[in-house]
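Peer 1: Based on what follows, work out the 3D shape:
(one chain, ligands or ions: 1)
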Amino acid sequence: MKGRLSSFPRFPLLDGPTPIERLTRLEQVLGAAAGGARLWVKRDDVMRVGGGGNKLRKLEFLIGEAVAQGCDTFITTGGLQSNHARQSAAAAARAGLACELMLSDVVPRHDEAYRTNGNLLLDDLFGATVHRLPGDVNALAAAQARAEEIGREGRRAYVVGSGGSSPLGCLGYVVCAAEILEQEQAVDRRFEAIVVPNGSAGTHAGLAAGLSAAGDDPRRILSFTVLAPLDKAIEDTRRLASEALHLIAPDRNLAGDAIRIDGSQRGEAYGLPTDAMVGALRIMARSEGLLLDPVYSGKAFAGVLDGMHNGVWEDRDVLFVMTGGTPGLFAYRDAIARDD
Ligand SMILES: *Cc1c(COP(=O)(O)O)cnc(C)c1O
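Peer 2: Numbering: from 1, shown residues only. Modelled structure (predicted):
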């Protein structure tokens, strides 16, 4: 697997493996509510470029391919508060590429903070050109049309859709799966569950492809969907995991029951806060000094707390992948602050 992985061009954005830490203080604070589980986090929120986050792993491969193809512009899509768009803007700046972002108004939040602060502030700071689109416009088609326009000017644009979740982008999480397997050996432990949020499915799909390619069990991964309804999330994640696996281990097939997803934390819709999410943000911040985000990791970690409380992982080790998204906190002031 490693041989094939290294055949894809990569633009370095990480410093090497992200650390895994145990949350002993949170275990203490939870007490009996920890349900006898040992809780660990993999710190994909701590990276050296652009405020960090899970999209940088995918962007190593995506920007790598853009540069290899001789592109001068990187175009991607997302919601107004897309973490992926912000990390793309930062990574493109570092690679010397222009960045254009097609951002759709898909989340019904109309307050000033949501529409101007957080990731949007940073997109501009990183020098990206932001195109705001109504929620019902096909943003990927708009991105492709813009790329053609750029082509007619004699330049060359690279286009990837929301979340950077193309099969190539998923290779970033194939790398993460390999890191986890090595880190497990180093601490002589095996995680019963590896928990991640699921938005555009690339994080889960990449991890599933990575564990499958290594002959390990992808059913150890559990994701909480925050965007697609459960059935669609399972279907999308399975397809993407198969495609990513095909890139690195064409002789292997994804097991039929490889993809496990929980739909209980999504709430009303993508980007709409839930009480459980706010509770998860607070307990993590107050007991460990760590930041979850309101759209993805806060909802997924609420699911972890729920599972612990129900004793699902008694006497087991659970690994939660912290995926970043801190700038989103400033865009969700109204949902999180207690002063109004
Ligand atoms: C995009 C994102 C996710 C979800 O990752 P996908 O690969 O899109 O499923 C999780 N957490 C944060 C903070 C994100 O920005």
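Peer 1: Give me the domain ranges for this structure.
Peer 2: 2-52+168-336, 55-164 (automatic domain parsing).
Peer 1: could those domains go into a markdown table alongside mean pLDDT and mean neighbour count?
Peer 2: C-beta coordinates here come from the backbone N, C-alpha and C atoms, glycine included. Shown next, in a markdown table, are those (pLDDT from 0 to 100; neighbours: other Cβ atoms under 10 Å):
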| stretch | mean pLDDT | mean neighbour count |
| --- | --- | --- |
| domain 2-52+168-336 | 97 | 20 |
| domain 55-164 | 98 | 20 |
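Peer 1: For these, give me JSON lines that also has distance to the ligand.
Peer 2: Formatted as JSON lines, the domains of the chain follow (distance: least, Cβ to the nearest ligand atom, whole Å):
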{"stretch": "domain 2-52+168-336", "distance to the ligand": "3"}
{"stretch": "domain 55-164", "distance to the ligand": "3"}
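Peer 1: Surely residue 58 touches residue 162?
Peer 2: No - counting by Cβ atoms under 8 Å, residue 58 sits too far from residue 162 to count as a contact (11.3 Å).
Peer 1: Which residue ranges of the stretch 51-200 of the chain form strands?
Peer 2: 73-79, 98-105, 129-134, 157-160, 193-198 (DSSP state E, counting those that start in this stretch).
Peer 1: Which neighbouring elements make contact with the second one?
Peer 2: It stands for strand 98-105. strand 73-79, helix 83-95, helix 119-125, strand 129-134, helix 139-152 (3 or more Cβ pairs under 8 Å, 6 or more residues apart in numbering; DSSP states H and E).
Peer 1: That strand pairs with which strands, and in what direction?
Peer 2: For strand 98-105, the paired strands and their directions (DSSP bridges) read strand 73-79 (parallel), strand 129-134 (parallel).
Peer 1: Tell me which of the ones you listed lies nearest to residue 296.
Peer 2: strand 73-79 (11.6 Å; Cβ to Cβ).
Peer 1: out of the helices and strands packed on strand 98-105, which comes closest to residue 207?
Peer 2: If we rank the helices and strands packed on strand 98-105 by Cβ to Cβ, the stretch that ends up nearest is helix 83-95, at 17.1 Å.
Peer 1: Could you export the closest one as CSV, CA atoms only?
Peer 2: In CSV, the C-alpha atoms belonging to helix 83-95 read as follows (Å, rounded to 0.1, in the frame of the first residue of the first chain):
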residue,chain,number,x,y,z
ASN,A,83,-13.6,24.7,6.7
HIS,A,84,-12.5,23.0,3.6
ALA,A,85,-12.7,26.2,1.6
ARG,A,86,-10.6,28.0,4.2
GLN,A,87,-8.0,25.3,4.3
SER,A,88,-8.0,25.2,0.5
ALA,A,89,-7.3,29.0,0.5
ALA,A,90,-4.4,28.6,2.9
ALA,A,91,-2.9,25.6,1.1
ALA,A,92,-3.2,27.2,-2.3
ALA,A,93,-1.5,30.4,-1.0
ARG,A,94,1.3,28.3,0.3
ALA,A,95,1.6,26.5,-3.1
